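J.: predicted coordinates and the sequence they were generated for:
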Amino acid sequence: MNSFTEDIKEEITKRFPKSASMHALLAGFAQVTDGVSLGKEGAFLKIVTENGNTAQFLASAMSSLNIHPESTGIKSDVITGKDKMYFEYSGDATEDLLSRCGLIEDGEVNPDIPAKAVSRKADKISYIKGAFLGGGSCTIPDESTYSRTGYHFEINCPSLDLADEICDLLISLDIIAKTLSRKGNSIVYIKSKEVISDLFNMLGIRKSQEKLDRIAEFKDERNNINRANNCAVSNIDKTVTASVKQVQAIETIRNEQGLESLDRGLYDVAIGREQNLNASMSELADILGISKSCLMHRFNRIQAIADNLRKQQ
């Protein structure tokens with residue numbers, strides 16, 4: 001079964017609009033994966049991914065531009081242990097493509113998000129899609145087990161400057177994200193389920209958004225039920241605690257001077273409590289035919305009498 005991250009990447013690649021900017025998507029992917037370099041022999045582009053749909057999608061996109069890899073292969077990531085597919089491109093056609101994407105400017109690799117690649121809102125969206133394909137992941141609570149996992153969307157970037165620029169790009173699209181450092185990498189992240197849902201809506205990945213919203217609704221409903229149950233348990237605990245203290249006070253009076261020493265009102269309350277140990281204050285007040293405030297007042301008097309008797313012991 002695919003992870004949620006894999007589902008998102010599959011939806012991005014299979015639902016990428018024909019009218020959308022492939023140059024912007026390639027720019028996002030290449031910058032997040034740090035796949036562009038310049039050498040004596042010219043420009044070099046390396047596409048590396050462990051996601052099969054992403055590999056097929058990008059290889060097909062390059063082929064449609066009449067750019068073919070010089071080498072391809074699979075290598076194992078020593079950190080994750082997962083196999084990664086790679087495609088290596090070079091030559092004049094590759095350099096021309098990287099220039100048109102804005103990834104190479106004035107004979108140097110552009111470290112900034114290229115303005116020419118994200119000049120329109122649609123281009124910004126394509127760039128974010130490419131960045132997610134290159135370094136993105138997203139986790140949500142498990143639908144079948146109702147795990148305590150939270151909501152977390154992130155894009156792993158090779159530098160803090162790029163992470164900050166992606167944050168700014170998202171803000172320009174009314175999506176608020178933050179950055180953090182982790183193991184030498186800089187992360188763009190979102191933890192709000194509402195913001196992640198808005199992001200998915202903007203990216204046009206409806207299936208992923210529907211799954212996120214469904215799980216969020218289910219989790220909120222479960223949380224409300226748990227809160228209600230916890231409140232009920234708390235009320236039961238308070239009732240039991242109050243009843244125990246009242247019975248202890250009544251027993252003290254019985255043992256020290258007898259319940260007959262109480263006036264009629266206090267005597268009725270004491271007997272009523274002993275006969276209804278599990279009743280709440282409201283329920284006991286109804287049984288005795290008095291108000292709850294009157295009942296509380298009489299128990300306070302009983303408690304005071306018991307406290308005085310204990311002091312005399």
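T.: Cool, the structure landed. Residues are numbered from 1 along each chain as shown.
J.: now name the helix or strand holding Lys84.
T.: Secondary structure from DSSP states H and E places Lys84 in strand 83-90.
J.: ah, wrong one, I meant Ile113
T.: If you go by DSSP H and E, Ile113 is not part of any helix or strand.
J.: please enumerate the helices of the stretch 201-313 of the chain.
T.: Assigned by DSSP state H, counting those that start in this stretch, the stretch 201-313 of the chain shows helices spanning 206-256, 264-275, 281-288, 292-312.
J.: quick one: which of those helices has the weakest pLDDT on average?
T.: When the helices of the stretch 201-313 of the chain are ranked by mean pLDDT, helix 206-256 comes last with a mean of 76.
J.: point out where the stretch 101-250 of the chain drops to low pLDDT.
T.: Regions of the stretch 101-250 of the chain meeting the criterion pLDDT under 70 cover residues 143-148, 220-226, 228-240.
J.: which residues are in contact with Lys311?
T.: With C-beta atoms under 8 Å, 6 or more residues apart in numbering as the criterion, no residue contacts Lys311. All C-beta spots, glycine's among them, are computed from the backbone N, C-alpha and C.
J.: mind checking how far it is from Leu262?
T.: Distance of Lys311 to Leu262, computed by C-beta to C-beta, to the nearest Å: 18 Å.
J.: any idea how far Leu25 lies from Ile12?
T.: Taken as C-beta to C-beta, the span from Leu25 to Ile12 is 9 Å.
J.: which one's more surrounded, those two?
T.: For Leu25 versus Ile12, neighbours defined as other C-beta atoms under 10 Å are more numerous around Leu25 (29 against 24).
J.: once you drop chain neighbours, what's closest to Lys207?
T.: Nearest residue to Lys207, sequence neighbours excluded (C-beta to C-beta, 6 or more residues apart in numbering): Glu11, at 5.6 Å.
J.: which residue, other than its chain neighbours, is closest to Ala249?
T.: The shortest distance from Ala249 to any non-neighbouring residue, by C-beta to C-beta, 6+ apart, is to Ala306 (3.7 Å).
J.: all set, thanks.
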